[in-house]
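Trainee: Turn this into a structure:
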Amino acid sequence: SDIVIGWVKDGQAYLTDRYAEEMAQPPMDKSQDWKLLSGYENDTHTVLRFTRKLQTCDDRDRVINRDSVRLLWAYNDNDPVDDDGPNGPTYHGTSRGTRTTMLLRTGREETPMFHSVLTHDMTMSNLVIPAQRTTYWCQIVELPKLDRKHHLIMTAPKITPGNEGLVHHMDLYKCHKPPNMTNIPHGHTGHECTNPNMPLDWMECYMGGMIATWSVGDENFMLPEHVGYPIGEEDDAGYVMMEIHYDNPQMKSGIVDSSGHRIFYTPELRRYDSGILSFSSIANPLLVVPPGVQDYRVEAYCEPQCLDAFIEELGQPFNIFAVVLHGHLLSSKLRTRLVRNGVELPDIVRDDNYDFNFQLTRVLEEEVTIQQGDTLMMECIYDSRGRHNVTYGGLSTSDEMCQSFIHYYPRMNISHCNSAPHPRNTLSFMGVEEIGSWNLLDGLNVSIVKPPSMSSMTYLDVIDGMTWSNASVRQFNEHQLKGSYVSTCRGRPATAVDWISLMKEGHLPDPPSRAPAEDECLPRITGGSCGIYSVNVHVSVFITGALSLVLYALL
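Mentor: Predicted structure coming up:
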């Protein structure tokens with residue numbers, strides 16, 4: 001760990017650069033790379049400001065990049081007499097805590113709102129959260145009544161106080177005009193998503209495309225000044241479907257929730273309409289993560305023929321300006337990749353220290369243009385060392401996902417682009433020779449034909465019956481990545497693209513690896529940020545009470 005210990009004594013601020021390798025007083029680093037900028041304390045606070053280069057080439061320092069970083073803080077009420085030794089900093093006891101953040105963030109300042117900017121709240125109607133670990137709840141909520149097209153320019157979460165630990169993510173899907181939209185009485189709390197009780201015509205809203213998304217750890221999201229998400233168009237139904245994922249590990253009962261989104265919109269249209277593309281490995285049991293492995297790799301891709309058809313319909317390339325990476329509890333490293341003409345370009349976004357409870361919308365420092373012929377890829381690395389059984393893809397928090405939500409412009413008529421390993425390839429590793437019919441949507445109804453000895457087994461029976469070792473996990477991972485995949489996409493109601501016919505069987509692109517950086521002391525920094533290694537990061541710490549402060553960076 002990379003540690004800073006600082007304090008203010010008799011009006012003088014002190015700061016020391018340290019590290020830790022055992023449960024003992026952290027020794028001083030020979031290279032004192034953290035530099036004190038200022039420090040003071042009063043009756044209520046101790047304040048320290050310090051800085052460091054992003055890359056120090058000190059093997060006891062962590063590289064500071066755009067990955068998530070877990071900061072541990074601790075303090076002791078007594079200032080040390082010496083820098084180290086018996087009179088140096090003493091143990092903090094229970095005065096400690098942790099927080100995940102990004103020390104480097106390409107954000108967008110919230111510009112002042114002018115008189116033409118309006119707001120509208122869309123929230124749950126006093127829903128009693130079910131007493132179960134995972135709930136996806138859907139409710140139809142009304143958009144503002146508009147007489148012409150407007151642009152949505154910012155979204156802000158509205159979380160019911162006290163429910164911050166239960167609301168994991170919230171998505172808004174625009175409903176168009178299906179033939180028999182089920183009317184919802186005012187105050188109706190909605191239905192569990194995809195449950196048989198949910199009206200079938202609500203499913204049409206998923207095809208309308210996502211207009212806003214928020215996940216735990218995220219903040220208000222303001223779109224760039226040249227783009228806005230269109231609402232109030234002629235084909236709008238005037239409603240959105242709000243989907244909220246509640247994560248209730250303690251299965252508490254009787255909790256009432258009215259969380260949702262506040263949207264900011266304006267009649268002053270911007271240059272481009274924006275869209276959100278959901279791009280993922282299909283979230284069903286076709287995604288398989290064996291137990292007991294630190295770095296199991298899952299890949300997904302957006303079939304170029306599918307993407308090309310919608311780009312051709314649009315008539316021009318599109319530009320990515322922000323991405324949300326999404327996985328569940330086993331996810332440790334996620335990245336969105338781009339392959340052009342058989343060559344892999346720099347990652348669009350990447351996080352090698354992913355935190356399930358810190359899912360920021362990552363604004364790109366430079367927009368990335370996607371052209372016809374390009375392949376979007378998603379890579380997820382899972383750490384399943386704490387699991388004893390296979391983890392499958394699915395909606396539950398204990399299941400896994402591998403997903404990107406891509407914010408882009410101009411808006412296309414595509415809402416989803418997904419892929420998954422073909423079940424024939426997956427099961428062949430376990431000895432299945434032939435399969436018959438199967439269902440891409442749920443990944444379960446796979447008919448096993450040969451050998452006859454396995455014909456009575458289900459897809460899950462075969463995989464769950466596998467005995468895993470380190471060697472077999474590695475072999476299975478390579479087998480899946482080199483085997484066949486099935487890709488699919490989904491168009492919005494306005495499209496003329498025959499997207500159903502674009503479902504295709506194929507293989508993952510296998511672009512050559514990029515050459516390593518010439519200077520091995522300069523590891524990558526994501527988001528098109530090459531050349532910023534000598535820049536400093538400034539940290540300000542405000543702590544209540546007089547103390548000596550310990551700040552750890554665990555990457």
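Trainee: show me where the stretch 201-350 of the chain has helices.
Mentor: Assigned by DSSP state H, counting those that start in this stretch, the stretch 201-350 of the chain shows helices spanning 204-208, 304-314.
Trainee: wait, which of those helices is closest to Val117?
Mentor: helix 204-208 (24.0 Å; Cβ to Cβ). Where C-beta positions appear, they are placed from N, C-alpha and C, glycine not excepted.
Trainee: And that closest one, what does it pack against?
Mentor: strand 167-174, strand 239-247, strand 414-421, strand 484-491 (3 or more Cβ pairs under 8 Å, 6 or more residues apart in numbering; DSSP states H and E).
Trainee: Turn those into a markdown table, columns for mean pLDDT and mean neighbour count.
Mentor: Shown next, in a markdown table, are the helices and strands packed on helix 204-208 (pLDDT from 0 to 100; neighbours: other Cβ atoms under 10 Å):
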| stretch | mean pLDDT | mean neighbour count |
| --- | --- | --- |
| strand 167-174 | 93 | 24 |
| strand 239-247 | 93 | 23 |
| strand 414-421 | 94 | 25 |
| strand 484-491 | 94 | 21 |
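Trainee: Need the ones you listed in a markdown table (columns: distance to Ser501).
Mentor: Formatted as a markdown table, the helices and strands packed on helix 204-208 follow (distance: least, Cβ to Cβ, whole Å):
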| stretch | distance to Ser501 |
| --- | --- |
| strand 167-174 | 24 |
| strand 239-247 | 27 |
| strand 414-421 | 14 |
| strand 484-491 | 11 |
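Trainee: right, and those - which one's nearest Asp347?
Mentor: strand 414-421 (18.0 Å).
Trainee: distance between the following helix or strand past that closest one and the chain's centre?
Mentor: Per DSSP states H and E, the first helix or strand lying C-terminal to strand 414-421 is helix 423-428. Chain-centre distance of helix 423-428: 28 Å, with Cα atoms, centre = their mean, to the nearest Å.
Trainee: residues in contact with helix 423-428?
Mentor: 286, 288, 432, 434-435, 438, 443, 446, 448, 459, 462-463, 479-480, 483-485 (Cβ atoms under 8 Å, 6 or more residues apart in numbering).
Trainee: if you set the cut-off to 10 Å instead, what comes out?
Mentor: Applying Cβ atoms under 10 Å, 6 or more residues apart in numbering, the external contacts of helix 423-428 come out as 285-288, 420-422, 432-435, 438-440, 443-448, 454, 457, 459, 462-463, 476, 479-480, 482-486, 505, 507.
Trainee: from these, which ones fall inside strands?
Mentor: Judged by DSSP state E, these include 288, 420-421, 434-435, 448, 484-486, 505, 507 as members of strands.
Trainee: what's the most distant pair in those?
Mentor: Ile448 and His507 (23.0 Å).
Trainee: who's more crowded, those two?
Mentor: Per other Cβ atoms under 10 Å, whichever of Ile448 and His507 has more neighbours is Ile448, with 23 against 13.
Trainee: Quickly list what the more buried one is bridged to.
Mentor: Listed beta-bridge partners, Ile448: Ile435 (assigned using DSSP bridges).
Trainee: wait, doesn't it sit right on Gly436?
Mentor: Yes. With contact defined as Cβ atoms under 10 Å, Ile448 reaches Gly436; the gap is 7.6 Å.
Trainee: which stretch among the helices of the stretch 201-350 of the chain comes nearest Ile140?
Mentor: Once the helices of the stretch 201-350 of the chain are compared by Cβ to Cβ, helix 204-208 is nearest, at 7.7 Å.
Trainee: hey, C-alpha coordinates of the closest one in PDB?
Mentor: Taking C-alpha atoms only, helix 204-208 is exported to PDB below (Å, rounded to 0.1, in the frame of the first residue of the first chain):
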ATOM      1  CA  GLU A 204     -41.900  -2.600 -25.700                       C
ATOM      2  CA  CYS A 205     -40.300   0.200 -23.600                       C
ATOM      3  CA  TYR A 206     -37.000  -1.700 -23.600                       C
ATOM      4  CA  MET A 207     -37.000  -1.500 -27.400                       C
ATOM      5  CA  GLY A 208     -37.500   2.300 -27.100                       C
END
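Trainee: can you give me the helices for the stretch 451-555 of the chain?
Mentor: Under DSSP H, counting those that start in this stretch, the stretch 451-555 of the chain gives helices at 459-464, 470-482.
Trainee: What is the burial count for the spatially closest residue to Glu219 that is not a sequence neighbour?
Mentor: With sequence-adjacent residues excluded and distances taken as Cβ to Cβ, 6 or more residues apart in numbering, Glu219 is closest to Leu360, at 7.3 Å. Here the number of neighbours of Leu360 (other Cβ under 10 Å) works out to 23.
Trainee: Show the contacting residues for Leu360.
Mentor: Leu360 touches 66, 68, 100-102, 105, 107, 215, 217-219, 221, 322-325, 351, counting by Cβ under 10 Å, 6+ apart.
Trainee: same thing with Ser68?
Mentor: 100-103, 217, 325, 351-355, 357-360, 555.
Trainee: Out of those, which sit inside strands?
Mentor: Going by DSSP E, the strands hold 100-101, 325, 351 from these.
Trainee: So how do I select the buried members of the residues you listed in PyMOL?
Mentor: Restricted to buried positions by 16 or more other Cβ atoms under 10 Å, the PyMOL selection for the ones in strands among the contacts of Ser68 reads:
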select buried, resi 100+325+351
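Trainee: any idea which of the ones in strands among the contacts of Ser68 is the one closest to Val293?
Mentor: Among the ones in strands among the contacts of Ser68, and counting by Cβ to Cβ, the member closest to Val293 is Asp351, at 19.6 Å.
Trainee: what's stretch 250-259 in contact with?
Mentor: Contacts with stretch 250-259, where a contact means Cβ under 10 Å, 6+ apart, come from 121, 123-133, 137, 157-167, 170, 189, 214, 242, 244, 246, 248.
Trainee: Buried by neighbour count, from those residues: which ones?
Mentor: Buried, going by 16+ other Cβ under 10 Å: 123-125, 127, 129, 137, 157-160, 163, 166-167, 170, 214, 242, 244, 246, 248, out of the contacts of stretch 250-259.
Trainee: State the distance from Val323 to Leu338.
Mentor: 11 Å (Cβ to Cβ, to the nearest Å).
Trainee: And the two? Which one has more around it.
Mentor: Val323 (26 against 20).
Trainee: how many neighbours does the spatially closest residue to that one that is not a sequence neighbour have?
Mentor: Take Val323 and drop its neighbours on the chain: the residue closest to it by Cβ to Cβ, 6+ apart is Val349, 4.5 Å away. Using other Cβ under 10 Å, Val349 is surrounded by 23 other residues.
Trainee: Contacts only, for Val349.
Mentor: Val349 makes contacts with 66, 320, 322-325, 334-337, 362-364, 368, 404, 406, 526-528, as judged by Cβ under 10 Å, 6+ apart.
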